[in-house]
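Q: 3D model of this:
(2 chains)
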Amino acid sequence: MVVKWNVGALKRTQWHEYLVRFALGGGITALTGWLGEKWGPIVGGLFLAFPAIFPASATLLEKHQTEKKRRAGIAHTMRGRDAAALDARGAVMGALGGMAFALIVWKLLPHMGAVSTLSLALGCWFGVSSVVWYVRKHHPWSRPRTARSVTRS
Amino acid sequence: MVKPMLIRFLIGGTVVTVFSVLADVLRPKGFAGLFSAAPSVALATLTLAVTHEGAGYAALEARSMLAGEVALVVYALCCVYFLRVRHRRSAVIALSMLGVWAVVAALLYLEALR
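A: Model prediction:
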């Protein structure tokens, strides 16, 4: 499966939905800084992995999918919740990449420049997350049980 | 006090919005989900921490972030279960499971970081 851009998807998102995400992201970043000042970097650091984007993105995803189905004449659908579950599954893989990000910053930042360490860590986050996603997507175990049995026979 | 907080708020908000725009435009949706757990807050906070407090301080934050990411994996797995299997509402699950994140993060702090 090829990864694609769908810029048209931006039209479905209203400006106030981006404002909510901006406020949440800004709020969590400010809170992390405040916690670090008050209780030190060990407590503040925990909040660097606080799920800041997921609640907003999952809620909006369910809303958009439910509206799409409603426009198609389907009143009761679980499609929105399934789409949010798919987003959550992606978040698991993103968090595994986040571990690689944190490990690289922890070990390399005192010895390398900040820009190069953070760039390398970001690249590793994307690399690890994408590889986990790809393996999960293409591994025979990830296929539905019926599809697997058909392939075997 | 207010000015550094405002700068943090603006930088954090911008980075998080950029990642969430990427999550909106990328397909398939499962791949876009990776960006729901992107280290956007970390990127903004660690950049500011290196500038103001030094590399040692930021490295210590990153060590704690590792424990936070473990809590994030548990949080997201709980969300998958309640959304996919139990078909609960996204907003309710995503917000109530923040308690799970907090408990796992607190346990890891008490056992491994303190």
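Q: tell me which residues of the lengthiest helix in chain B come out buried.
A: With secondary structure taken from DSSP state H, chain B has its longest helix at helix B:55-80. Of the residues in helix B:55-80, those with enough neighbours to count as buried (16 or more other C-beta atoms under 10 Å in any protein chain shown) are B:55, B:57-80. Using the backbone N, CA and C atoms, a C-beta is placed for each residue, glycine as well.
Q: now stretch A:34-49
A: A:W34, A:L35, A:G36, A:P41, A:I42, A:V43, A:G44, A:G45, A:L46, A:F47, A:L48, A:A49.
Q: pretty sure the third one is touching B:L60, no?
A: If I follow you right, that is A:G36. No. Assessed by C-beta atoms under 8 Å, A:G36 is found out of contact with B:L60, at 9.6 Å.
Q: burial count for whichever residue of chain B sits closest to chain A?
A: Residue of chain B nearest chain A, by C-beta to the nearest C-beta: B:G33 (1.6 Å). Neighbourhood size, B:G33 [other C-beta atoms under 10 Å in any protein chain shown]: 30.
Q: can I assume B:A37 is in contact with A:A88?
A: No. If you go by C-beta under 8 Å, B:A37 and A:A88 don't touch, sitting 9.3 Å apart.
Q: quick one: the helices in chain B?
A: Counting by DSSP H, the segments of chain B that form helices are B:2-25, B:29-32, B:40-52, B:55-80, B:90-96, B:98-108.
Q: reformat those as JSON lines; add mean pLDDT.
A: Shown next, in JSON lines, are the helices of chain B (pLDDT from 0 to 100):
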{"stretch": "helix B:2-25", "mean pLDDT": "89"}
{"stretch": "helix B:29-32", "mean pLDDT": "84"}
{"stretch": "helix B:40-52", "mean pLDDT": "92"}
{"stretch": "helix B:55-80", "mean pLDDT": "96"}
{"stretch": "helix B:90-96", "mean pLDDT": "94"}
{"stretch": "helix B:98-108", "mean pLDDT": "97"}
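Q: burial check on B:P4, number of neighbours?
A: When neighbours are defined as other C-beta under 10 Å, B:P4 has 14 of them.
Q: residue contacts, it?
A: Residues near B:P4 by C-beta atoms under 8 Å, 6 or more residues apart in numbering or on different chains: A:G33, B:H52.
Q: distance of it from B:C78?
A: 35 Å (C-beta to C-beta, to the nearest Å).
Q: give me phi/psi at whichever residue of chain A sits closest to chain B?
A: At 1.6 Å from chain B, A:G90 is the closest residue in chain A, using C-beta to the nearest C-beta. Note on A:G90: backbone dihedrals following degrees, to the nearest 10 are phi -60, psi -40.
Q: that one and A:S130 touch, don't they?
A: No. Contact between A:G90 and A:S130 fails when scored by C-beta under 8 Å: they sit 10.7 Å apart.
Q: if we can go back for a sec, for the closest residue to the residue of chain B closest to chain A other than its chain neighbours, which residues are in contact?
A: The spatially closest residue to B:G33, leaving aside those adjacent along the chain, is A:G90, at 1.6 Å (C-beta to C-beta, 6 or more residues apart in numbering or on different chains). Contact partners of A:G90, counting by C-beta under 8 Å, 6+ apart, are A:W133, B:K29, B:G30, B:F31, B:A32, B:G33, B:L34, B:F35, B:S36, B:A37.
Q: please name the residues that touch the second one.
A: It refers to B:K29. Contacts for B:K29 were tallied using C-beta under 8 Å, 6+ apart; they are A:L61, A:A83, A:L86, A:D87, A:G90.
Q: make CSV from the contacts of A:G90 and add distance to A:C124 to it.
A: Formatted as CSV, the contacts of A:G90 follow (distance: C-beta to C-beta, whole Å):
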residue, distance to A:C124
A:W133, 15
B:K29, 24
B:G30, 20
B:F31, 17
B:A32, 19
B:G33, 18
B:L34, 13
B:F35, 15
B:S36, 18
B:A37, 14
